[in-house]
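*Asks:* sequence first, then the predicted structure:
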Amino acid sequence: MKPIGPIPPAFAGQEGELTIGGLCVSALAEAAGQTPFYVYDLNLASAQVTRFRAAMPDGIDLHYAVKANPHPLVIKHFIKITDGLDMASGGELARVRDCGADMDHVSFAGPGKRNAEIELALTLGATINLESEHEATRALASAQRLGVTPRLAVRVNPDFELKGSGMSMGGGAKPFGVDAERVPALVRVLLAGGADWRGFHIYSGSQSLDAAAISECQRASLALAADLANAIGEAPATINLGGGFGIPYTANDSALDVEAVGSALDAALARRDGVLKDTRFMIELGRWLIGEAGVYVARILDRKLSKGEIFLVTDGGMHHHLAASGNFGMVMKRNYPVAIASQMGAEAGETATIVGPLCTPLDRLAADIAVPHTEIGDLVAVFASGAYGLSSSPVNFLSHPSALEIVVEDGKITT
């Protein structure tokens, strides 16, 4: 028998039928009209924003990283309660435009921007986080052709990385950003070219649960930004300190101490170099804001025995939720927090493996876990599913139907 990850606090103490946003999962399934589906509780997302603001020093802006969950209603919600949005493609940029975002507080990063994407960002007035000298040349040329003043920041590839992060985005040779030693020369080119230089983007890792590691990374980012600013001879208007805040997914994961991160950042800012005294700082988060607010729900289609082992076959799987199947950057398959949605808190009566309908052994939502006795028709809930879920999965694989996404806020459902 294998353990599951920790069920998020909003759901962990429930008994009987699972409720999400105050609504029973069976009612949500009826409203969705199908399984599988994702449901996002926007009140839980708002609570994360409130916690962030209470934990962080005054003057730290909070940006939502749209790549975590690009559902339009999720984006519109974060437009209302955060200070800006960060994109990773022209498609995301167009989506936030259509959602009514203020482009003065939108940034666009990514190592391979197409000319049309650069021109869209310039036309809308978004800040482009430049990833190379060549990209800078293209952005300046496009701005001149369009007759606009480009808002340009430089994404810095630092010499350090966020230790213990799920994915390293900085340190050593990387496709992301400009190596730190080359940044001053590039910024001088931007200034000479008439750009509105917006500052630095320093993002060195993601999915960290280690408050001390995040704090050290932020301290090092402030020191690096000061060194670069002094070398350039001009202070940056803004510094994006990245994010990296993780959430627990698997057994033995512990929640990040965000208050400790905020306290350490407050101390680091108090000691920052004078060249940064008027700089505005921001933290860019996605997973930490929306991840635990989402639940993926599938229905059991079959219950079968094979060589003495129980398999619960559902109508959902890796084509909708690649991360839960262990195939999205996980070296070893470890179980996400999973429960039989009609029997929360019930005593386990058997061990089962929960699989999807795909013709591949990779399609497993949970392996060898303890569950109450389960029948065909029961619902399965996969928690911590609000980030990097449907949009990060191979939805066209084997041409199965897609999952629906629904949003709950203040007890109201939107499909």
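*Replies:* Thanks, I have it.
*Asks:* near residue 250, how many other residues are there?
*Replies:* 19 (other Cβ atoms under 10 Å). C-beta: built from backbone N, CA, C; applies to glycine.
*Asks:* quick one, what contacts it?
*Replies:* Counting by Cβ atoms under 8 Å, 6 or more residues apart in numbering, residue 250 makes contact with 4-5, 334-336.
*Asks:* cool, and residue 103?
*Replies:* 97, 124-126.
*Asks:* of the contacts of residue 250, closest to residue 29?
*Replies:* Nearest to residue 29 out of these is residue 336 (Cβ to Cβ; 19.7 Å).
*Asks:* pLDDT at the closest residue in space to that closest one that isn't next to it in sequence, what is it?
*Replies:* Nearest non-adjacent residue to residue 336, counting by Cβ to Cβ, 6 or more residues apart in numbering: residue 324, 4.5 Å away. Looking at residue 324, its pLDDT stands at 95.
*Asks:* the one 3 residues further on too?
*Replies:* According to the per-residue confidence, residue 327 scores 85 in pLDDT.
*Asks:* can you tell me the SS state at it?
*Replies:* coil (DSSP: H, G, I helix; E, B strand; the rest coil).
*Asks:* helix/strand/coil for residue 122?
*Replies:* Following three-state DSSP, the label given to residue 122 is helix.
*Asks:* start the count at 30, not 1, going forward
*Replies:* Noted, 30 is the first residue going forward, which turns the last one into residue 151.
*Asks:* coming back round to it: which of the contacts of residue 132 has the largest number of neighbours?
*Replies:* When neighbours are counted by other Cβ under 10 Å, residue 155 leads the contacts of residue 132 with 24 neighbours.
*Asks:* which residues touch the nearest residue to that one once chain neighbours are set aside?
*Replies:* In space, and not counting its chain neighbours, residue 155 is closest to residue 135: 4.4 Å by Cβ to Cβ, 6+ apart. Counting by Cβ under 8 Å, 6+ apart, residue 135 touches 113-116, 122, 125, 153, 155-156.
*Asks:* what do you get for residue 260?
*Replies:* residue 213.
*Asks:* any idea how far residue 215 lies from residue 121?
*Replies:* To residue 121, residue 215 is 25 Å away according to Cβ to Cβ, to the nearest Å.
*Asks:* ok, residue 44 next?
*Replies:* Counting by Cβ to Cβ - residue 44 and residue 121 are separated by 40 Å.
*Asks:* per-domain residue ranges of this structure.
*Replies:* 38-69+321-443, 99-314 (automatic domain parsing).
*Asks:* so can I have a markdown table of the ones you listed showing distance to residue 78?
*Replies:* Below are the domains of the chain laid out as a markdown table (distance: least, Cβ to Cβ, whole Å):
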| stretch | distance to residue 78 |
| --- | --- |
| domain 38-69+321-443 | 11 |
| domain 99-314 | 5 |
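*Asks:* all the helices of the stretch 280-429 of the chain, residue numbers only.
*Replies:* Secondary structure of the stretch 280-429 of the chain (DSSP state H, counting those that start in this stretch): helices at 287-299, 316-319.
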